[in-house]
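Chemist: Below is the sequence, then the predicted model.
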Amino acid sequence: MKKDKPDPNSVKGISRRNFLKGFGITTVGAAVFESGQATKNLKAAGLLNVSDSIPIEGAKMILYVNSKEYSVHIKPKETLAEVLREKLELTGTKTGCERGSCGACTVLIDDNPVNSCMFLAVDAVGKQITTIEGVASDENLHILQNEFIENDALQCGFCTPGMIMSSLAIIKKNPAPDDEYIRKNLSGNLCRCGTYPKVFQAVIKAAKG
Amino acid sequence: MIKDFEYYLPKATEQALTLFSKNSAYKAGGIDLLDLLKENIVSYDSIINLSGIDSLDFIDTEIDLKIGAGVSIQKIADSQPIQKYCPALSESASEIATPHIRNIATLGGNLCQKPRCWYFRSKDFDCSRKGGKVCFAIDGENKYHSIYGNQDGCAFVNPSGMATVLTALNARLQILTKKEIKTINLRDFYYLPAEKLTCEHKLNDGEILLSVTVEKENLLRKNYYCKIKEKQSSDWPIAEICIIGGINSLGNFENVSIVLGSAAPIPWRMIKEEKKLEGLQATTKYIGNVVESSFSDANPLRDNAYKVKLFRTLLYRGLCSIAGLESER
């Protein structure tokens, strides 16, 4: 794009992405705590038993995501995908079909892959949630991520976070998965570019270490 | 946009009963409910989540096979006793939807889900099942619709893979009402459109499905289950069959129970064929004769006559499998 043309995604020098990010921070204000602190704060405020009944307008509660505690206001009707993306700013989780068919929104709940678009955020309270942001450790990519790169297992990349999450569940459960096992357990993830063979290859290589 | 609702997480079934009010809904996994809420087919003032109730999540094989309504489909697929005592049930469970959905969806939800008919699932079609006057499927796009029970103003197919197998196994349901725990035979649980047009089953508002029981005598019999899909990976069935039965010491069929899925608004029992098979010598010739004379009473619609062919093949293969014969089809 030429420099003199205005960026359609930019308003007065603010890119659309940064604008949305800023908006999220100022209006929603989810707080991240190191493990334990948020629970203490909520206990002190007498809010911990709130999950037994939650009013229409929602309530503040704690989500455990990628080994961190997030204190966040959740309405009963909000899905986990919405809360992760729009309130916690964990936008690595993608929403595609919004009906549990495509798997782009796959996250792990207690190590099992689920469609976060078909999962109420309030139902995730008290459970361990892992999103694509929690797969790499510090600066090091997870072996699965490396094998996806090495094996060229993505084209447009939209399905990739979901593919990685389902693949992670596969290698956690089965250290030596065969092709059939991988196909069956990735059957909830659609790739419109059709990169399946390379994804299967990447998972087999990652499992072998 | 989903309409706002209140949310409850009871810890016991009795508490869940008292929380139910006029415009409430129970949910377990919530997959079907969320789908309906997102499409604005339903809306509720309060939703009561039953998945915090531990007493709904069990598989008991001590006398009969008893499965809590809150057990996930994946747990049913993985259960070793179920794989041993009724392999058709674990096979069916492992074929349902995707791994993601199987981890969340429950037995109770699978049995009670609403029709998958695309006219029913679209708010823009005021179809007979939603209280309107017309079934758009009968004269419309009906490739995935019913070939039986479709002459009374609605042509959806029962979407429950668990129901196909559990009907063949003659399972019973235990249902908690405000007054009692009642038992309903799964074979009597679903309504045909002729009986009730806007309601699929006998679980009334405010009642909780507790468990499903298969009696001991129906376990460890010969099982056959097959689901035909358009896609090789996860998909809804276009035709499904479960046959439970036996062969006696003379080599004759005995107590055979045949149920078709994705054929009718209820799990469709082939009672006539069951009777013909009783005491019949289990040879490919006799099986062929029974299959040839079957399905003459089906009523395929414009786009789904292919199902009759599929079901014929499935019936032939299934009966051969029960008889321990090589299928030629």
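Modeler: Cool, the structure landed.
Chemist: Alongside chain A, which residues does the stretch 51-200 of chain B contribute?
Modeler: Taking Cβ under 8 Å from any Cβ of the partner chain as the criterion, the neighbours of chain A within the stretch 51-200 of chain B are B:51, B:74, B:97-101, B:103-104. Where you see a C-beta, it was placed from the backbone N, CA and C, and this is true even at glycine.
Chemist: are any of those buried, and which?
Modeler: The neighbour-count criterion (16 or more other Cβ atoms under 10 Å in any protein chain shown) marks B:51, B:74, B:97-101, B:103-104 among these as buried.
Chemist: if you look at those, which of them are in helices?
Modeler: Counting by DSSP state H, those place B:74, B:99-101, B:103-104 in helices.
Chemist: ok so, going back, which one of the residues of the stretch 51-200 of chain B next to chain A is nearest chain A?
Modeler: B:Thr98 (2.9 Å; Cβ to the nearest Cβ).
Chemist: ok, for that closest one, nearest residue in space, not its chain neighbours?
Modeler: Closest residue to B:Thr98 apart from its sequence neighbours, by Cβ to Cβ, 6 or more residues apart in numbering or on different chains: A:Gly188 at 2.9 Å.
Chemist: Can you name every helix or strand that the helix or strand containing B:Ala239 contacts?
Modeler: Under the criterion of DSSP states H and E, B:Ala239 resides in strand B:237-247. Contact partners of strand B:237-247 among helices and strands, from 3 or more Cβ pairs under 8 Å, 6 or more residues apart in numbering or on different chains; DSSP states H and E: helix B:87-95, helix B:161-168, strand B:222-229, strand B:253-261, helix B:306-323.
Chemist: same thing but 10 Å
Modeler: With contacts defined as 3 or more Cβ pairs under 10 Å, 6 or more residues apart in numbering or on different chains; DSSP states H and E, the packing partners of strand B:237-247 are helix B:87-95, helix B:161-168, strand B:222-229, strand B:253-261, helix B:271-277, helix B:306-323.
Chemist: most packed of the ones you listed?
Modeler: Mean neighbour count (mean count of other Cβ atoms under 10 Å in any protein chain shown) peaks for helix B:161-168 among the helices and strands packed on strand B:237-247, with a mean of 28.
Chemist: continuing past that one, what's the next helix or strand?
Modeler: Using DSSP H and E, the helix or strand that directly follows helix B:161-168 along the chain is strand B:172-176.
Chemist: Hey, what's the angle from the helix or strand that that next one is followed by to strand B:172-176? Just curious.
Modeler: Scanning forward in sequence from strand B:172-176 by DSSP H and E, the next helix or strand is strand B:181-185. Direction vectors for strand B:181-185 and strand B:172-176, defined by axes from the mean of the first three to the mean of the last three Cα atoms, to 10 degrees, enclose an angle of 150 degrees.
Chemist: Buried residues of stretch A:54-67, list them for me.
Modeler: Residues of stretch A:54-67 classed as buried by neighbour count (16+ other Cβ under 10 Å): A:54, A:58-66.
Chemist: Do me a favour and get the end-to-end distance for it?
Modeler: 25 Å (Cα to Cα, to the nearest Å).
Chemist: For chain B, what's the nearest residue on chain A?
Modeler: For chain A and chain B, the shortest gap (Cβ to the nearest Cβ) falls at A:Gly188, measuring 2.9 Å.
Chemist: Looks like that residue contacts A:Gly103 (just checking).
Modeler: Yes - the pair A:Gly188 / A:Gly103 is scored as a contact, 4.5 Å apart, by Cβ atoms under 10 Å.
Chemist: Domains in the chain, by residue range?
Modeler: Defaulting to chain A. Per automatic domain parsing, the domain ranges recorded for chain A read A:10-134, A:143-208.
Chemist: looking at chain B here, not the other one
Modeler: If the domains of chain B are taken from automatic domain parsing, they occupy B:1-54, B:55-113+B:156-217, B:218-323, with pieces of a single domain joined by a plus sign.
Chemist: out of those domains, which comes closest to A:Met163?
Modeler: Between A:Met163 and the domains of chain B, the shortest gap by Cβ to Cβ is with domain B:55-113+B:156-217, which sits at 12.1 Å.
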